[in-house]
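1. Okay, structure incoming, though there's no sequence with it:
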């Protein structure tokens with residue numbers, strides 16, 4: 001299985017500084033209404049992290065996360081982290097060790113988790129452009145952050161936020177721009193005794209929308225002539241792109257590659273059978289390539305990999321009364337092409353579905369060794385930012401509807417193609433793929449996904 005993936009949100013590489021003048025604005029400011037309260041002050045939290053890097057060894061890193069939180073938000077609405085940024089420095093000793101190891105530049109990503117009392121964890125991620133190592137002193141990185149997924153409190157109350165440890169994925173290159181082995185995701189540990197509290201937001205009851213035609217609603221009546229965004233309107237960097245938005249990454253330019261894998265489980269619902277099949281556990285073994293797009297400046301990634309999945313055993317009730325069992329094997333027929341653009345994965349897979357060891361009402365049905373779909377099963381995948389993140393813990397899930405083509409090669413001594421086609425083939429089937437945490441191979445130049453053993457055909461049968 002191959003996939004092209006652009007990790008994370010495309011974030012501008014410019015350094016963000018939060019002006020304290022905003023926090024001290026008052027009615028004396030001619031641009032501020034008399035008596036109006038000042039805007040909320042930015043929140044900030046500086047935490048000490050104990051980290052161990054494959055290149056550079058054990059280091060103590062101070063990570064500063066800052067953002068401006070709203071005073072209030074209505075239940076069901078997203079909490080907006082304005083001007084979010086993450087700052088940390090690689091100590092001079094580590095920079096020296098990197099230089100001695102032949103490293104001239106670093107690029108990649110870094111993040112801190114932001115935990116809340118009202119929602120699951122969100123991640124503040126920054127994309128690190130290719131950055132030369134300084135001749136002396138620390139390497140200071142101060143970059144704008146994008147938080148995904150959104151935090152949406154479900155009910156009124158108080159949302160409290162805390163900051164988690166620093167995570168980095170640093171990709172080293174030598175003076176010629178060639179990769180230096182040692183790329184690995186590093187999750188640091190917060191030093192004990194620190195206050196990780198970041199801030200609170202008051203959550204008010206949800207806003208009830210009035211119908212547009214209700215007197216006093218102040219909303220205009222719906223119109224088919226309402227203005228729409230122009231076709232060439234580009235998305236803002238750092239926001240989840242829509243499927244029709246223009247991509248920010250072109251073809252790979254001088255990519256840096258290293259091997260990873262994801263644990264992977266799947267579930268397929270076959271509409272005609274009214275039953276489902278569980279696949280896995282297996283793995284997606286993938287080589288991750290990273291480069292900077294010369295036109296947009298976005299940090300881009302490809303994912304070139306292979307799906308490692310054992311056969312799955314399915315049990316169905318055919319014609320609502322006849323128990324049927326079969327082993328189902330799904331294999332790739334062509335590389336999968338995919339794109340993760342501003343946090344949204346859009347891609348597709350082509351696979352072959354093979355049926356073996358078929359029994360009907362306990363009696364073996366000799367489908368033969370070549371009973372499979374006559375054409376590839378094509379699955380279009382389109383993730384949602386709050387459901388899938390390549391560096392999430394876990395990475396999350398994707399879902400899609402797909403068609404199952406007619407079957408061919410089924411039957412020994414008799415043509416069973418019409419039977420399998422009639423029972424299984426058709427539209428309206430559904431697949432869900434659940435990805436575990438990404439695992440970075442110690443030797444980044446070689447795949448390291450563990451092998452998967454084929455399930456025994458009789459396992460689980462009565």
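-> Received the coordinates, thanks. A quick note: this is a predicted structure, and the numbers were derived from the prediction, not measured.
2. in the stretch 351-462 of the chain, which ranges drop under the pLDDT threshold?
-> Along the stretch 351-462 of the chain, the model assigns pLDDT under 70 to residues 443-444, 453-462.
3. rerun that using 90 as the cut-off
-> Low-confidence segments of the stretch 351-462 of the chain (pLDDT under 90): 351-352, 358-367, 378-396, 412-425, 437-462.
4. in it, which spans are strands?
-> Along the stretch 351-462 of the chain, counting by DSSP state E, counting those that start in this stretch, strands occupy 363-365, 372-373, 377-382, 396-404, 407-408, 426-435, 439-440.
5. tell me the most buried of those?
-> strand 372-373 (a mean of 24; mean count of other Cβ atoms under 10 Å). No exception for glycine: its C-beta is placed from N, CA and C like everyone else's.
6. Quick one: residues in contact with it.
-> With Cβ atoms under 8 Å, 6 or more residues apart in numbering as the test, strand 372-373 has contacts from 352, 353, 354, 355, 404, 405, 406, 407, 408, 409, 425.
7. Including distance to residue 98, could the residues you listed go into CSV?
-> Shown next, in CSV, are these (distance: Cβ to Cβ, whole Å):
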residue, distance to residue 98
352, 46
353, 48
354, 49
355, 54
404, 52
405, 53
406, 57
407, 57
408, 57
409, 56
425, 57
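8. What subset of the residues you listed is buried?
-> 352, 353, 354, 355, 404, 405, 407, 409, 425 (16 or more other Cβ atoms under 10 Å).
9. residues contacting the residue nearest to the fifth one when sequence neighbours are not counted?
-> By that I understand residue 404. Of all residues not flanking residue 404 in the chain, residue 425 sits nearest, at 4.9 Å (Cβ to Cβ, 6 or more residues apart in numbering). Contacts for residue 425 (Cβ under 8 Å, 6+ apart) come out as 272, 373, 404, 405, 406, 407.
10. tell me which of those residues is nearest to residue 395?
-> residue 404 (26.5 Å; Cβ to Cβ).
11. unless I'm mixing things up, that closest one is touching residue 377, no?
-> Yes. Look at residue 404 against residue 377 with Cβ atoms under 8 Å: they come within range, at 6.1 Å.
12. Can you show me the helices along the stretch 201-350 of the chain?
-> Counting by DSSP state H, counting those that start in this stretch, no segments of the stretch 201-350 of the chain form helices.
13. hang on, the earlier thing: check the contact lists of residue 404 and residue 377 and give me the overlap.
-> Residues touching both residue 404 and residue 377 (Cβ under 8 Å, 6+ apart) are residue 353.
14. thinking again about what came up before, wait, which of the contacts of residue 425 is closest to residue 42?
-> When the contacts of residue 425 are compared for distance to residue 42 (Cβ to Cβ), residue 404 comes out closest, at 53.5 Å.
15. So, low pLDDT: which residues of the stretch 51-200 of the chain?
-> Where the stretch 51-200 of the chain drops to pLDDT under 90, the residues are 54-56, 76, 107-111, 113, 118-130, 146-152, 154, 167-174, 176-187.
16. Find the residue at the geometric middle of the chain.
-> Residue closest to the average C-alpha location in the chain (Cα atoms, centre = their mean): residue 389, at 1.5 Å.
17. that older thread, just put the buried ones among the contacts of strand 372-373 in a markdown table and tack on distance to residue 116.
-> Output for these, formatted as a markdown table (distance: Cβ to Cβ, whole Å):
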| residue | distance to residue 116 |
| --- | --- |
| 352 | 44 |
| 353 | 42 |
| 354 | 46 |
| 355 | 47 |
| 404 | 42 |
| 405 | 46 |
| 407 | 49 |
| 409 | 54 |
| 425 | 46 |
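18. Could you identify the most distant pair in these?
-> Farthest pair in those (Cβ to Cβ) is 404 and 409. Separation: 15.1 Å.
19. My guess is the residue nearest to the centre of the chain contacts residue 396. True?
-> Yes. Look at residue 389 against residue 396 with Cβ under 8 Å: they come within range, at 5.9 Å.
20. Wait, a helix at residue 99?
-> Yes. Note on residue 99: a helix contains this position according to DSSP: H, G, I helix; E, B strand; the rest coil.
21. How about it, nearest residue that isn't a chain neighbour?
-> Once flanking residues are discounted, residue 99 sits nearest to residue 133: 5.8 Å by Cβ to Cβ, 6+ apart.
22. what sits against that neighbour?
-> 95, 98, 99, 103, 104, 105, 106, 139.
23. Only the buried subset of the residues you listed, as a ChimeraX command please.
-> The buried residues among these can be selected in ChimeraX (16+ other Cβ under 10 Å) with this line:
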select :95,98,103,104,105,106,139
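24. Dump the contacts of residue 133 to JSON lines, plus secondary structure and distance to residue 146.
-> Listed next are these as JSON lines, based on DSSP: H, G, I helix; E, B strand; the rest coil; distance: Cβ to Cβ, whole Å:
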{"residue": "95", "secondary structure": "helix", "distance to residue 146": "26"}
{"residue": "98", "secondary structure": "helix", "distance to residue 146": "27"}
{"residue": "99", "secondary structure": "helix", "distance to residue 146": "31"}
{"residue": "103", "secondary structure": "coil", "distance to residue 146": "27"}
{"residue": "104", "secondary structure": "coil", "distance to residue 146": "28"}
{"residue": "105", "secondary structure": "strand", "distance to residue 146": "23"}
{"residue": "106", "secondary structure": "strand", "distance to residue 146": "20"}
{"residue": "139", "secondary structure": "strand", "distance to residue 146": "22"}
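25. Make a markdown table from the contacts of residue 133 and add distance to residue 71 to it.
-> Output for these, formatted as a markdown table (distance: Cβ to Cβ, whole Å):
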| residue | distance to residue 71 |
| --- | --- |
| 95 | 41 |
| 98 | 43 |
| 99 | 47 |
| 103 | 45 |
| 104 | 46 |
| 105 | 42 |
| 106 | 38 |
| 139 | 36 |
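26. and of the contacts of residue 133, the nearest to residue 383?
-> For the contacts of residue 133, the residue nearest residue 383 by Cβ to Cβ is residue 106; the value is 28.3 Å.
27. can you name the farthest residue from the center of this structure?
-> Computed with Cα atoms, centre = their mean, the residue of the chain farthest from its C-alpha average is residue 413, at 48.3 Å.
28. where's it relative to residue 144, distance?
-> Note on residue 413: its distance to residue 144, by Cβ to Cβ, to the nearest Å, is 67 Å.
29. ditto for residue 108
-> 16 Å.
30. pLDDT score for the closest residue to residue 199 other than its chain neighbours?
-> Distances taken as Cβ to Cβ, 6+ apart put residue 43 closest to residue 199, at 3.9 Å, once the chain neighbours are dropped. The model reports residue 43 with a pLDDT of 88.
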